[in-house]
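K.L.:
Quick one, fold the following:
(chains A and B)
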Amino acid sequence: MDPVSTEPKLRLLGGRIPYIEGPLKVSGRAEYTDDIKRPGMLVGRLLRSPHAHARIVSIDVTEARQIPGVHAILTGEKYPTQFGVLPITHDETAIAVEKVRYIGDIVAAVAARDEPTAERALAAVRIVYEPLPEYTDPHVSAEKVASPIHSRGLNGTNIQKEVIQHFGDVDAAVASAAHVVRVRGRFAGVTHAFTEPLVTIAESTPDGRLTVWSATQVPHYLHRALSEVLGIPMHRIRVIKPEVGGGFGGKSDPLPHEIACAALALETGRPVKMLFDREDVFLTNHGRHPTENDVRIATDADGRILAYDIEALIDGGAWSSFGTVTTYYNGVLSMGPYRVPNFRYRGRRVYTNKPPSGAMRAHGGTNIRYSIETAIDELAERLNMDPFDLRERNALPPNSTTVNQFRITSTSFVKCLHAARERSGWDGKHRRLPYGRGIGLGCGFYISGSNSPIHFTPKMPQCTVHLKVDMDGGIAVHSMQADIGQGSNTLMAAIVAEVVGVELDRVHVVRVDSDVSPIDIGSYSSRVTFMMGNATRKAGEAMREQLLHAAALLTGYPTERLEVGLERISVKHRPEVGVSYLEALHKAMERTGALLATGSYTSPPMGGDFKGARAGTAPAYSFGAYVAEVDVDVETGEYRVPKVWAAFDCGRALNRLAVEGQIEGSIHMGLGQVMGESMNYRGSRLLNPALLEYKIPMPQQMPEVECLLVGDADPEGPFGAKEAGEGPLIAILPAVGNALYDALGVRFTDLPITPDRVVRGIEQRTAAHRSWKGA
Amino acid sequence: MHLDPFELHRPSTVEETMALARRYSGSFDYLAGGTDLLPNYKMHLNLRPHLIALEDVQELRGHSVDRVGAMTRLGDLERDAAFLRAYPAIAEALREVATPLVRATGTVGGNLFLETRCFFFNQSYFWRQSLGFCLKAEGDRCHVVPQKEKCYATFSGDLAPALMVLDAEAEIHGPDGARRVPVTDLYDARGDGIQRTHLAPGELLVAVHFPTAARARRSAYLKLRVRPSFDFPELGVAASAIFDGETPTELAVAAGGLETYPRRFDDLTQSLVGSPLTDERILDVATRIRGAVRPVHNTFLAPDYRKKMAGVFVRRALTRVREGTAA
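P.N.:
Predicted structure coming up:
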């Protein structure tokens, strides 16, 4: 089927659209938060806890306050209101109250005339701590403990959230199974390592208003948290999101420093800037959870999946953050891309005295997917089936419902499998490359926008977009959708230009500013293209209607006889009869002046009727099938990934340039988690809070990537589109793991797979695999 | 992170430098490229109130096949084709130092006297204070080997092993005059991560000299690290030999990135001189060197792995030298 057949022919969308802000970014002219200077601006700095777990006995700031140039010092008791990104797990404070929970927890904030003065002040703060037992092992945290990290832990443990789900009858399915494969995986924590460090500026003005500029993915949630904690009504707070240099989930919580910075601004009456260094960023973390999981997959003799039985123990660090969602996702995001008739899951997320984990690109769907895809690869071997055939046999069909009642509409997963198999030359390579070289397949599945907005009261759309056009013909687009580098501003502008029928340069995306931007709930859960795209399309159509009415008055033809072309509205089949865009616009403005239009998106009702049923529901899902080749030095364990074929179903790709960029960037990020990225701890202490010893892959490690965008149009996505921001990350990890198996005959169940682990794996190979491919 | 203020001195001759070194004895650091020192200063590691910048010191400049001034930028040396042809091990080591940007600023002298590195040393002031300061900066204990009272910080320069196997000599100037010493003897086998060279206070590397015979050596340098750029060596092995047919008449192996100092293994490689360099002989020496080195857990990769790889890398480096293949 032609993927565009359900849509009219498009002028811009579906092509390759360079980012509209690109020239500003590459010339250094784009304005990020740190570029903003306010008159009389002070430097804000934070004092961090040297203890992993301790009671604060006393804090004395008398001496620090007397240092010339110090304008304010705040400690926790002034704003003790708890907050957190999820309304059900508010357990954070802007500054620690009564106790500290990890090395790096914020215990005081200072505003001073410059950085050295601020640091002198922090050094002069006298704190008496009473150390408490430290909990760093998630297994220990899962038991009853002497000094729980939070009072809200389950039954005296440090368990923050436990999810138990059972659909169908797993035990019966396993009993009847021909094959059961078990994979136990251990995953080190990884962090986003976005380019722009966290940074916030806050300014309180004599008109009683507070303005906050921040590097955030969620300006609206920040707006709410500021209001709740500081006790200022939302309409007196203005949140501005300048350009953001990457987020990947690391800027998707309202963060304590943002509130502390605002509190310092209130305290001093002066603008305060808080710019983090890299260690601050690592200690703020909110990266992917260190996880242990245990996956059993049962199939019949023909390889049909009968059941999944999954356990996960998730190391949450000091706060809840998105943890409740994480705990659900580690189970329910295994419901695709295969049909799973029986499903059991027990997930526990525990607090530990470490920097908090949170949402990171392909949140909750990455580690569990690695284990599942490893198990599927192992099953294929036991069944003596090709891994592609096994997956195709189990593919979720379109327009189906999963056992936990996810609504699956479009899926081009089988097309992904076919494209990746064909383009990679799989059939001639799998198990046929020489020892040390291998090829592997991994697949992915992800939500295209969480169906559940985090804040649903008052009930309102997840995204609203406003357009305004004045006589100059420029179209201003307002929305709080947060472009963090993924190209959503470009997409929003392109949709407007496409629908209204104007050149792209007529469209101006106005910087996110809560004073003028209607609410969108933020850049997370891969929701922006789907939800903002639909809202923008509706706004554009509303604007187009006004122009069509004006054109009808001018031409004397009814609107249904008219069609919108580029900068011109003309009579169908009579292109010579028509008016220009500006003529139509000026006619339309005669009654009202500048034109306004609005569009919004609310996801349809979905999901089952049981506890946690909404977790993982989404208006659409993305699918992927990646093939990776590896080349291993079997003596040193070093390896390269020379080539990846990435077949991805994002529905219809609206900006192919951006989608390919997301796939390539995802592969880079995913390879990092495979090849070396790891937050290394000694007890509660992070050993590598810097980019030298946190091993993000270098450009030389990037494979050649062939993107295969084979998705059919989604029925509900804007112009048929689905997400391409997070799902593209998932499949690369198991593709490489399975390629290493093909190369070496060694199953790597733990990440990262560093060269020393490769050597150990080869040495500890079972007898059956010792002569793998003639080794 | 900010740099605390210091007083910068910019002498233009070795004599002026020595006068400053005497005047600020014990309270200065030499500043070469600054690519290592200044980041350490930002972390408040062993700050000194005075920095003596060597950039303008005439005697430290210039490079030829026979002599490389200590202030030669690594990037400049990397573009000296005659030099690279003469010494393949140095060519290979240079290409693997950090990144092109760092090499544009970093110097030969700076790389030879690179501060030793450790997970527990190369950290912010906050980090070190929260754990308790270590021997190497303000403290009195080692977090790597707690039962010992010496520092185990790892020597992480790439050039030193390559220079060692080429019999390069260091020209040293000090308050008491000049001397020449083999690069191999610059480093203190009985010292530790703090006291790691035989330089007296104030002594300064002026240049590195190469004997004519160095050009007759085939040589190679191999570096182990997690990523193919940016990273310091987890292990660096250099080897060289002069052959009479298939028989080495001279042969040397040196390694860095494993211990507090780079070292040459003459006692272990002696057996390879004077008889054909067979696979068996190479393997035997590689195994003995592997047995001799003592890495500790203060870099990214585990010490048992680095030790194992020392054997592999020595074997590969010697094999490369035998085959005469360049990287």
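
K.L.:
tell me the SS of residue 258?
P.N.:
No chain specified, so I'll use chain A. At A:E258 the chain is in helix, as set by DSSP: H, G, I helix; E, B strand; the rest coil.

K.L.:
Switch to chain B, please.
P.N.:
B:L258 - assigned by three-state DSSP - is coil.

K.L.:
dump the residue contacts of A:W645.
P.N.:
For A:W645, the contact set (Cβ atoms under 8 Å, 6 or more residues apart in numbering or on different chains) comprises A:A419, A:A420, A:R423, A:S424, A:Y626, A:V627, A:A628, A:E706, A:L708. No exception for glycine: its C-beta is placed from N, CA and C like everyone else's.

K.L.:
Now the residue in chain A that chain B sits nearest to. Nearest residue, chain neighbours left out?
P.N.:
Proximity of chain A to chain B (Cβ to the nearest Cβ) peaks at A:P50, 3.2 Å away. Closest residue to A:P50 apart from its sequence neighbours, by Cβ to Cβ, 6 or more residues apart in numbering or on different chains: B:S130 at 3.2 Å.

K.L.:
Equivalent analysis for A:A301, please.
P.N.:
Counting by Cβ to Cβ, 6+ apart, A:A301 lies nearest to A:A178, which is 3.9 Å off, once chain neighbours are set aside.

K.L.:
try B:F230
P.N.:
Nearest residue to B:F230, sequence neighbours excluded (Cβ to Cβ, 6+ apart): B:T99, at 5.4 Å.

K.L.:
Turn the contacts of A:W645 into TSV, including secondary structure.
P.N.:
Below are those laid out as TSV (three-state DSSP):
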residue	secondary structure
A:A419	helix
A:A420	helix
A:R423	helix
A:S424	helix
A:Y626	strand
A:V627	strand
A:A628	strand
A:E706	strand
A:L708	strand
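
K.L.:
Quick check: the farthest pair among those?
P.N.:
The span of these, defined through Cβ to Cβ, is set by A:A419 and A:A628 at 14.8 Å.

K.L.:
tell me which residues of the helix or strand the residue nearest to A:P50 falls within are tucked away?
P.N.:
Using DSSP states H and E, B:S130 maps to helix B:125-131. By 16 or more other Cβ atoms under 10 Å in any protein chain shown, the buried positions in helix B:125-131 come out as B:Y125, B:F126, B:W127, B:R128, B:S130, B:L131.

K.L.:
average pLDDT across the helix or strand that comes right after that helix?
P.N.:
The helix or strand immediately downstream of helix B:125-131 is helix B:159-165, counting by DSSP H and E. Mean pLDDT, helix B:159-165: 98.

K.L.:
which helices and strands sit right next to helix B:159-165?
P.N.:
helix B:88-95, helix B:108-112, strand B:218-224, strand B:235-244, strand B:247-256, strand B:263-264 (3 or more Cβ pairs under 8 Å, 6 or more residues apart in numbering or on different chains; DSSP states H and E).

K.L.:
Taking strand B:218-224 as reference, get the angle to the fourth one.
P.N.:
Between strand B:235-244 and strand B:218-224, the angle comes out at 170 degrees (axes from the mean of the first three to the mean of the last three Cα atoms, to 10 degrees).

K.L.:
hmm, strand B:235-244 touching chain A?
P.N.:
No. Applying Cβ under 8 Å from any Cβ of the partner chain, one finds strand B:235-244 separated from chain A by no less than 10.0 Å.

K.L.:
Pull up the pairing partners for that strand, direction included.
P.N.:
Sheet pairing for strand B:235-244, assigned by DSSP bridges, gives strand B:218-224 (antiparallel), strand B:247-256 (antiparallel).

K.L.:
Could I get the buried residue list for that strand?
P.N.:
B:L235, B:G236, B:V237, B:A238, B:A239, B:S240, B:A241, B:I242, B:F243.

K.L.:
Quick check: the second one touching B:P161?
P.N.:
Put plainly, it is B:G236. Yes. Under the criterion of Cβ atoms under 8 Å, B:G236 makes contact with B:P161 at 5.4 Å.

K.L.:
Touching both of those two, which residues are there?
P.N.:
B:A93, B:Y221, B:A255, B:G256, B:P262.

K.L.:
Mind putting the residues you listed into CSV with neighbour count and pLDDT?
P.N.:
Formatted as CSV, the shared contacts of B:G236 and B:P161 follow (neighbours: other Cβ atoms under 10 Å in any protein chain shown; pLDDT from 0 to 100):
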residue, neighbour count, pLDDT
B:A93, 28, 98
B:Y221, 31, 98
B:A255, 30, 98
B:G256, 29, 98
B:P262, 29, 98
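
K.L.:
quick one on the thing from earlier: identify the residues contacting the helix holding B:S130?
P.N.:
Helix B:125-131 is touched from outside by A:48-51, A:103, A:279, A:685, A:689, B:43-44, B:120-121, B:134, B:137-139, B:143, with contacts defined as Cβ under 8 Å, 6+ apart.

K.L.:
Which residues of chain B lie near chain A?
P.N.:
Chain B comes close to chain A at residues B:1-2, B:4, B:119, B:122-124, B:126-127, B:129-131, B:224, B:226-232, B:300-302, B:304-305, B:308-309, B:312, as judged by Cβ under 8 Å from any Cβ.

K.L.:
which among the residues you listed end up buried?
P.N.:
In the residues of chain B next to chain A, the ones that pass as buried (16+ other Cβ under 10 Å) are B:119, B:122-124, B:126-127, B:130-131, B:224, B:226-227, B:229-232, B:300-302, B:305, B:308-309, B:312.

K.L.:
Tell me how many other residues crowd A:D105.
P.N.:
Neighbour count for A:D105, taken as other Cβ atoms under 10 Å in any protein chain shown: 29.

K.L.:
Kindly state the pLDDT recorded for it?
P.N.:
At A:D105, pLDDT is 98.

K.L.:
Tell me which stretches of the stretch 651-775 of chain A form strands.
P.N.:
Assigned by DSSP state E, counting those that start in this stretch, the stretch 651-775 of chain A shows strands spanning A:681-682, A:685-686, A:704-709.

K.L.:
for these, which one ends up most surrounded?
P.N.:
Of all the strands of the stretch 651-775 of chain A, strand A:685-686 carries the top mean neighbour count, a mean of 24, counting by mean count of other Cβ atoms under 10 Å in any protein chain shown.

K.L.:
Let me know the average pLDDT across it.
P.N.:
For strand A:685-686, the mean pLDDT works out to 98.

K.L.:
Report the distance from that strand to the chain centre.
P.N.:
Centroid separation for strand A:685-686 versus its chain: 25 Å, with Cα atoms, centre = their mean, to the nearest Å.

K.L.:
Tell me which residue of the stretch 101-250 of chain B lies closest to chain A.
P.N.:
Per Cβ to the nearest Cβ, the residue of the stretch 101-250 of chain B with the smallest distance to chain A is B:S130, at 3.2 Å.

K.L.:
measure that residue to A:L122 for me?
P.N.:
Look at B:S130 and A:L122: by Cβ to Cβ, to the nearest Å, they are 13 Å apart.

K.L.:
now A:D294
P.N.:
Distance from A:D294 to A:L122, by Cβ to Cβ: 44 Å.

K.L.:
Same drill for those two, tell me which one is more crowded.
P.N.:
A count of neighbours by other Cβ under 10 Å puts A:L122 above the other of A:D294 and A:L122, at 22 against 15.

K.L.:
mind pulling up the phi and psi values for the more buried one?
P.N.:
Dihedral angles of A:L122 (phi, psi; degrees, to the nearest 10) stand at phi -60, psi -40.

K.L.:
Wait, it touches A:L47, no?
P.N.:
Yes. The pair A:L122 and A:L47 passes the contact test of Cβ under 8 Å, sitting 4.4 Å apart.

K.L.:
Can you give me every residue that contacts A:A628?
P.N.:
Contacts of A:A628 (Cβ under 8 Å, 6+ apart): A:I439, A:G440, A:G442, A:V641, A:K643, A:V644, A:W645, A:P703, A:I732, A:A735, A:V736, A:A739.

K.L.:
go with 10 Å
P.N.:
Taking Cβ atoms under 10 Å, 6 or more residues apart in numbering or on different chains, we find A:A628 in contact with A:424, A:438-442, A:641-646, A:667, A:670-671, A:674, A:703, A:705, A:731-740, A:742.
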